[in-house]
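Visitor: From the sequence below, what's the structure:
(2 chains)
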Protein chains: 2
Amino acid sequence: MAMVPIPSLFSLSFSLRHFFVLSLAFNVTLILRLMLFHQTQPFAVTNSNTRLLISSSPPSNRVINLDHGDPRVYERFWRQTGDKSTIVIPGWQFMSYFSDGSNICWFLEAEFAREVVRLHKVVGNAVTEGRHIVVGTGSSQLFLAALYALSPNDAPQPISVVCASPYYSSYPSMTDHLKSGLYKWAGDAESFDKEGPYIELVTSPNNPDGHVRRSKVNKSQGFLVHDLAYYWPQYTPISAPADHDLTLFTVSKSTGHAGMRIGWALVKDEEVAKKMTKFIELNTIGVSKDSQVRAAKVLRAVSDSREQGNSKDSESFFKFSHKLMASRWKQLRLVVDRSGLFSLPKFSPAFCTFFNQVLEPQPAFVWLKCEGNVVDCESFLRGHNILTRSGIHFGVSPKYVRISMLDTDDNFNQFLDRLSAIQSR
Amino acid sequence: MAMVPIPSLFSLSFSLRHFFVLSLAFNVTLILRLMLFHQTQPFAVTNSNTRLLISSSPPSNRVINLDHGDPRVYERFWRQTGDKSTIVIPGWQFMSYFSDGSNICWFLEAEFAREVVRLHKVVGNAVTEGRHIVVGTGSSQLFLAALYALSPNDAPQPISVVCASPYYSSYPSMTDHLKSGLYKWAGDAESFDKEGPYIELVTSPNNPDGHVRRSKVNKSQGFLVHDLAYYWPQYTPISAPADHDLTLFTVSKSTGHAGMRIGWALVKDEEVAKKMTKFIELNTIGVSKDSQVRAAKVLRAVSDSREQGNSKDSESFFKFSHKLMASRWKQLRLVVDRSGLFSLPKFSPAFCTFFNQVLEPQPAFVWLKCEGNVVDCESFLRGHNILTRSGIHFGVSPKYVRISMLDTDDNFNQFLDRLSAIQSR
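Guide: All right, here's what the predicted structure looks like:
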């Protein structure tokens, strides 16, 4: 096992105090490694052996894991809502595989579907008229269902799956892990020039960099999958209701309920909706009823909170989350601006139909670039006990990293403190 | 669209009354078809266009759908348990992707894992010591995770997946629907004679026929997956704790909570458990926390009901379900025995360590054979508005059908009435 890398940039200017802090960090890391040696790295793509946020470690040395986008920031809102978002399920309910045999998506709970339609109307971020709703075990399952549904059945070669880089780091492995003969990852959409049918993934706002996106490949035989996980008012100005053939959403990023594993697709074509449903049938024979019912309750609470306005008892979810993201981005910009070491993407403000004003994007992830001589930004930050995801996993240079903006207040503040400490050196 | 087939066997002995009933049935079917024309066939493999149980139809003509194994029979028990199996989840709980980062299966709820271990101890149907528990979105997802985990990464050819026929009808399509380069369905284990590594599925008691099974292929390079979904006291005598490398269970068939989509695998090899976890991460980024917590509560209620014995307030779940299955099988045998048209599998009684007595198997499905001239048993029963699943989907003759024994009392009774009516002709 290699030591925690010490960036050469700073190795010359070490004071004794710096050496002491680093040596302590090294020892803590070593202990952590021994403790965690037996385990796999949960839900992360980096090769770091230092995996976990151990909250019992001294605050200044513990590892801050911002590699994944666990949306823990919203917990405070949901604590405030009290019973409005509580579900009670007796043992005899929702025992059947079926929700509604007359629906194409026969495992879709009607209550959940109703709240999805209502929330899109309240937010104005997607057209639901003339769409079939397909529920999935998170939008990951729906992404796979879409690949299955859009792949030609009898093609001699697998269909190409592309996305403009930087693209969501899981797309390549999700597409290729089973070596499917139906579809195959073909990399960056910008450089794609094969003839014939293809699937293009359009993530908007984009994960990792937060930019609003449109399709990049301009060919006739393309199927588009719009992954709009982050097209919600707290992250980006809502410009118009999305009106695409196949659109994916998830509660993980909208309300912060990642543990529910609930996503939904809005699908124009009936045959595509049927094939996506078939995939989920073959994959998991439907989707947890308990989580669908809980998601319905949570979405209802979000819509209600908007419609009831801001009283002491019921703060609007999107006002709460927008304010929170705005505050985090403001603090982050201050820290980054003071430093000459890092840079952030530039965003243009735009009119948000939801908040009825011109607003700046404030993405769920920071797409941070290490400026200057630092070649591997992820290793560099790991040296400061900040776990991030390297740009190489998103199809670009290791000078970039993706950092979650959705973690707990405690972790976010620690992260800012460390970032400040690096640059004040 | 073809008419509902009228079996030629009976077409000569028609009375006017029979004709009237059939004509009525035909018209109802036609209306149903028009009503249901737009939908896919939920969770079924037959080609019938008559899909659904429409309870508003006249009782004697409505379609009884026993094609799938929806475990609705247990609802009554869970209604009796009252609050003991009710869960309450506030909006702020279980928001994270993670359950326990120190566990190989990082999305496994500790509470659920504890109740799995306890229930296996109470029932005596599986060794849990020295096993890793991997939770899945039903055992279907775990089946796919097992294929992924057991397939060699770098083999030039996909590994063969086999199972002795009659095998669970979904195994071939689940294995092959993505045309994976890792694994490939290779049919009946009895006739498998390829050299090299293979995966053998051992379903015991078997779906569809209820027989206790062991591995059939006797070669050195086999990986075994034991699907023990039905190895519970209500279905089969418990002979000993199962002690295999990789064993699958599900709440759908044990407690009847199919809508939860919760299954679990007991896995000996750490690397296999890691790879299965990785599959579920790539497939659905974990498993619904809500359903895991609910499953924990339900499993606890089952274990408690056994340990508290039979009081008026707390009937033992397995006594309840065993009694119920015994009564259904007794009724069914009476009807089948009186008829010369059908036959059932023969089972040997065996000592059950759970009930401490010699008992007969009473499977979750009837594996019914049409004797005599009927070649296509599924079509034959469909002509009597009983939807079943043909033997051809299980790799054997269409003289066989699989019929669910787990549907509602009402449907089961209707089914028996119709079966009696056929033979009393």
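
Visitor: And the residue in the stretch 301-425 of chain A that chain B sits nearest to, how close does it get to A:Asn206?
Guide: With C-beta to the nearest C-beta, the shortest gap between the stretch 301-425 of chain A and chain B falls at A:Ala301, namely 6.7 Å. For glycine as for every other residue, the C-beta is placed from the backbone atoms N, C-alpha and C. Using C-beta to C-beta, to the nearest Å, one gets 28 Å for the distance from A:Ala301 to A:Asn206.

Visitor: And those two? Which one has more around it.
Guide: Each of A:Ala301 and A:Asn206 has its neighbours counted (other C-beta atoms under 10 Å in any protein chain shown); A:Asn206 has more, 25 against 22.

Visitor: so what's the closest residue to that one other than its chain neighbours up against?
Guide: Computed as C-beta to C-beta, 6 or more residues apart in numbering or on different chains, the closest residue to A:Asn206 that is not its neighbour in sequence is A:Arg213, at 5.2 Å. By C-beta atoms under 8 Å, 6 or more residues apart in numbering or on different chains, the contact list for A:Arg213 reads A:164, A:202-206.

Visitor: And A:Arg213, how far from A:Val122?
Guide: According to C-beta to C-beta, A:Arg213 and A:Val122 sit 24 Å apart.

Visitor: same check, this time on A:Asp269
Guide: Per C-beta to C-beta, A:Asp269 is found 26 Å from A:Val122.

Visitor: and what of A:Gln357?
Guide: Distance, A:Gln357 to A:Val122, by C-beta to C-beta: 17 Å.

Visitor: does A:Lys219 sit in a helix, a strand or a coil?
Guide: Following DSSP: H, G, I helix; E, B strand; the rest coil, we place A:Lys219 in the coil state.

Visitor: does the nearest residue to it once chain neighbours are set aside have beta-bridge partners, and which?
Guide: Once flanking residues are discounted, A:Lys219 sits nearest to A:Tyr198: 7.1 Å by C-beta to C-beta, 6+ apart. Judged by DSSP bridges, the bridge partners of A:Tyr198 are A:Ser160, A:Gly222.

Visitor: for A:Tyr198, what are its contacts?
Guide: By C-beta under 8 Å, 6+ apart, A:Tyr198 lies in contact with A:159-162, A:186, A:192, A:217, A:219, A:221-223.

Visitor: Tell me where chain A has helices.
Guide: Assigned by DSSP state H, chain A shows helices spanning A:8-11, A:16-36, A:75-81, A:110-123, A:138-150, A:170-176, A:251-254, A:270-284, A:289-307, A:317-338, A:377-382, A:409-423.

Visitor: For the third one, list every residue counted as buried.
Guide: Neighbour counts over helix A:75-81 (16 or more other C-beta atoms under 10 Å in any protein chain shown) mark A:75, A:77-78, A:80-81 as buried.

Visitor: Stretch A:147-156 now?
Guide: Buried residues in stretch A:147-156, counting neighbours by 16+ other C-beta under 10 Å, are found at A:147-151.

Visitor: I'd like the residues you listed written out as a markdown table, with distance to chain B and pLDDT added.
Guide: A markdown table is the format used below for these (distance: C-beta to the nearest C-beta, whole Å; pLDDT from 0 to 100):
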| residue | distance to chain B | pLDDT |
| --- | --- | --- |
| A:Leu147 | 9 | 98 |
| A:Tyr148 | 7 | 98 |
| A:Ala149 | 11 | 98 |
| A:Leu150 | 13 | 98 |
| A:Ser151 | 9 | 98 |
